[in-house]
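**Q** Quick one, fold the following:
(one chain, ligands or ions: 1)
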Amino acid sequence: LDTPSKGAYAPLTREIIDRIRENIGERFVISDPERMDHYSGDATELRCCPELVVEPTSKEQIQALFGLANDFHFPITPRGLGTGLAGGCVPWSGGVVLSLAKMNRILSIDTENLIAIVEPGVINGDLKRAAESCGLFYPPDPASLDTCSIGGNAATNAGGASCVKYGTTRDYVLGLEAVLPSGELIQAGVRTRKGVVGYSLAQLLVGSEGTLAVITQLILRLIPRPPAVSGLVALFADLPSAMRSVTSVLTRGHIPSAMEFMDRRCLGLVRGLLPFDGLDRTGALLLIETDGTPEAVEKEMERIGLICLEGGAENVFMAPDAIKRARIWEVRRRISLRIEENAQVYIPEDVVVPIGRIADFVSCLSEIEERFDMKIYTFGHAGDGNIHLNITVENRQTLGRVAEGIRVVLEKVLAMGGTISGEHGVGLVKKRFLPLELSPVSVRIQNEIKNTFDPLRILNPGKIFEQCAGG
Ligand SMILES: Cc1cc2nc3c(=O)[nH]c(=O)nc-3n(C[C@H](O)[C@H](O)[C@H](O)COP(=O)(O)OP(=O)(O)OC[C@H]3O[C@@H](n4cnc5c(N)ncnc54)[C@H](O)[C@@H]3O)c2cc1C
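**A** So this is what the prediction gives:
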């Protein structure tokens with residue numbers, strides 16, 4: 001990683017801080033170092049203390065903050081709830097962290113037009129529950145759903161288990177409102193199911209990791225809540241057989257609403273927490289769910305169970321009851337935290353390979369582990385080919401070799417036609433690998449887009465591309 005580059009910007013002097021307090025309001029500003037510490041990092045190990053935190057409740061305050069940033073040239077780093085896995089909200093160039101956590105109102109759920117209008121700090125799980133109470137469904141479900149914000153989800157184009165059927169956050173953002181680095185307010189996108197007028201700026205901002213604008217409101221598509229959900233858990237002797245079954249299920253015409261997996265190492269950590277016997281001999285677990293009408297769900301589950309048995313599953317547990325389902329999901333969603341708790345060094349990668357290559361990809365991991373002195377715990381969204389590689393390292397002195405190993409893994413992914421990140425984004429942590437995937441022309445055009453939005457480099461500098469003031 002680059003070292004933090006605070007020197008590229010003027011420090012926040014007492015005069016500037018006073019002007020921020022006057023313009024934004026005293027109670028929306030945090031300057032106490034102990035309280036600011038909370039805003040210095042995300043779910044990675046990266047930390048860099050901001051010079052000031054602003055936690056507004058209105059877009060006008062954000063516009064005023066950008067007005068001052070333009071005058072005094074200090075950087076602003078947007079932050080949702082700090083669960084990111086790429087260092088995107090870490091204030092690497094100092095300046096102000098702009099926390100959107102207090103802009104957390106669900107403004108409306110329109111049951112006639114199937115849309116929700118929300119502020120960016122709304123917690124994903126809160127929106128899901130609010131939609132459900134109206135008989136509607138907001139599908140995007142990152143495993144962090146009870147701790148991450150919808151604004152952060154849009155900025156990272158978050159995915160989750162339901163992507164295999166329902167797609168990512170991008171598929172639900174119809175329109176948005178955002179403050180540009182100039183301080184201007186922009187409305188982008190539509191409130192309708194379709195719209196093709198002009199370039200799709202809303203979709204450009206989705207996934208831009210807070211480098212182009214600060215999202216202050218979102219218009220989200222909702223869908224009717226599926227009446228029934230059912231699932232199965234299939235146990236396999238090894239990971240490649242499980243992955244071959246995943247491909248068979250998908251190529252034989254099924255679209256499950258979730259298709260998650262855990263390998264032997266992950267099961268070693270959470271076996272005792274799962275409500276099934278016989279897991280000590282298991283090499284891989286698949287959790288597959290479908291949703292729809294009760295009759296359709298039952299039939300589809302039976303067919304998928306048979307495909308897993310044909311594919312070598314040693315055991316298939318059909319239709320776990322609600323308590324067991326909730327337990328399995330809780331374990332699945334917390335698995336990365338369990339791995340991290342047990343590791344000296346923890347590096348989460350989230351590659352994606354084409355679904356037909358998943359089995360080949362996982363087969364080559366043990367050789368890479370041995371060669372580069374690292375352990376890889378794999379779990380993730382099998383149905384999307386989105387494999388979370390959770391790399392742990394016993395000895396910090398071997399980190400150089402591990403970095404080499406990660407590069408080899410990413411090169412393999414790309415050679416198979418995959419991508420180096422399916423969900424977490426680039427932020428700070430994957431910046432150096434960007435040229436492996438993007439051509440110089442693509443990087444140049446993306447830099448030009450950044451320039452158009454943020455010519456003074458005051459918004460989240462140093463992220464995705466090698467940019468900071470004067471860069
Ligand atoms: C246990 C765990 C499980 C996870 N599982 C998943 C998963 O299944 N799928 C997945 O996709 N991710 C997952 N993540 C990663 C993370 O939760 C997502 O990236 C999430 O979308 C981040 O939301 P946040 O509110 O925490 O954003 P933050 O971490 O605060 O910010 C993330 C990025 O968004 C920008 N940003 C935030 N808010 C705004 C805004 N209003 N306007 C402009 N830019 C903004 C920030 O600058 C930063 O670049 C997981 C993380 C953890 C810790």
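**Q** How about the contacts made by the spatially closest residue to Ala143 that is not a sequence neighbour?
**A** Leaving aside its chain neighbours, Ala143 sits nearest to Arg333 (4.1 Å; criterion: CB to CB, 6 or more residues apart in numbering). Placement of C-beta: from N, CA and C, glycine included. Contact analysis of Arg333 by CB atoms under 8 Å, 6 or more residues apart in numbering lists Ala143, Ser144, Leu145.
**Q** For Arg333, what are phi and psi?
**A** Backbone torsions of Arg333, given as degrees, to the nearest 10, read phi -70, psi -20.
**Q** And for Trp92?
**A** Given degrees, to the nearest 10, the pair of backbone angles that Trp92 has is phi -70, psi -20.
**Q** That one reaches Val429, doesn't it?
**A** No - applying CB atoms under 8 Å as the test, Trp92 and Val429 come out as separate, 11.2 Å apart.
**Q** joint contacts of these two?
**A** With CB under 8 Å, 6+ apart as the test, Trp92 and Val429 both reach Leu46.
**Q** that older thread, mind putting the contacts of Arg333 in JSON lines, distance to Ala296 and pLDDT included?
**A** Listed next are those as JSON lines, based on distance: CB to CB, whole Å; pLDDT from 0 to 100:
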{"residue": "Ala143", "distance to Ala296": "27", "pLDDT": "93"}
{"residue": "Ser144", "distance to Ala296": "30", "pLDDT": "96"}
{"residue": "Leu145", "distance to Ala296": "26", "pLDDT": "97"}
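**Q** Identify, from the residues you listed, the entry nearest to Gln61.
**A** Ser144 (26.7 Å; CB to CB).
**Q** Could you look up the SS state of the closest residue to the closest one other than its chain neighbours?
**A** Distances taken as CB to CB, 6+ apart place Thr83 nearest to Ser144, at 4.5 Å, with adjacent residues excluded. Three-state assignment for Thr83 (DSSP: H, G, I helix; E, B strand; the rest coil): coil.
**Q** near the ligand, which residues of the stretch 51-200 of the chain show up?
**A** 77-85, 88-89, 100, 120, 142-144, 148-149, 151-153, 155-156, 158-160 (CB under 6 Å from any ligand atom).
**Q** Isn't Lys128 up against Asp146?
**A** No - Lys128 is not in contact with Asp146 according to CB under 8 Å; the separation is 9.4 Å.
**Q** Name the residue in these two with the higher neighbour count.
**A** Lys128 (18 against 14; other CB atoms under 10 Å).
**Q** Between the two ends of stretch 442-461, what distance do you get?
**A** 19 Å (CA to CA, to the nearest Å).
**Q** quick one: average confidence on it?
**A** What stretch 442-461 shows for mean pLDDT is 96.
**Q** do stretch 147-165 as well
**A** 97.
**Q** Can you get me the centre-to-centre distance for that stretch and its chain?
**A** Once both centres are worked out by CA atoms, centre = their mean, to the nearest Å, stretch 147-165 turns out to sit 6 Å from its chain's centre.
**Q** same deal with stretch 141-150?
**A** That offset, for stretch 141-150, works out to 9 Å (CA atoms, centre = their mean).
**Q** Tell me the buried residues in that stretch?
**A** Across stretch 141-150, burial judged by 16 or more other CB atoms under 10 Å covers Asp141, Pro142, Ala143, Ser144, Leu145, Thr147, Cys148, Ser149, Ile150.
**Q** Tell me if I'm right that Gly121 and Cys148 touch.
**A** No - counting by CB under 8 Å, Gly121 does not reach Cys148; the two are 10.4 Å apart.
**Q** Find the residues that touch each one of the two.
**A** Gly80, Leu81.
**Q** Up against the ligand, what does the stretch 351-471 of the chain have?
**A** Glu423, His424, Gly427, Asn460.
**Q** ok, now which ones touch the first one?
**A** This means Glu423. Contacts for Glu423 (CB under 8 Å, 6+ apart) come out as Leu85, Pro142, Thr156, Asn157, Ala158, Gly159, Gly160, Thr168, Asp350, Asn386.
**Q** Ok, the last one next?
**A** Contacts were defined as CB under 8 Å, 6+ apart; by that measure Asn460 touches Pro75, Ile76, Thr77, Pro78, Gly88, Glu209, Gly210, Thr211.
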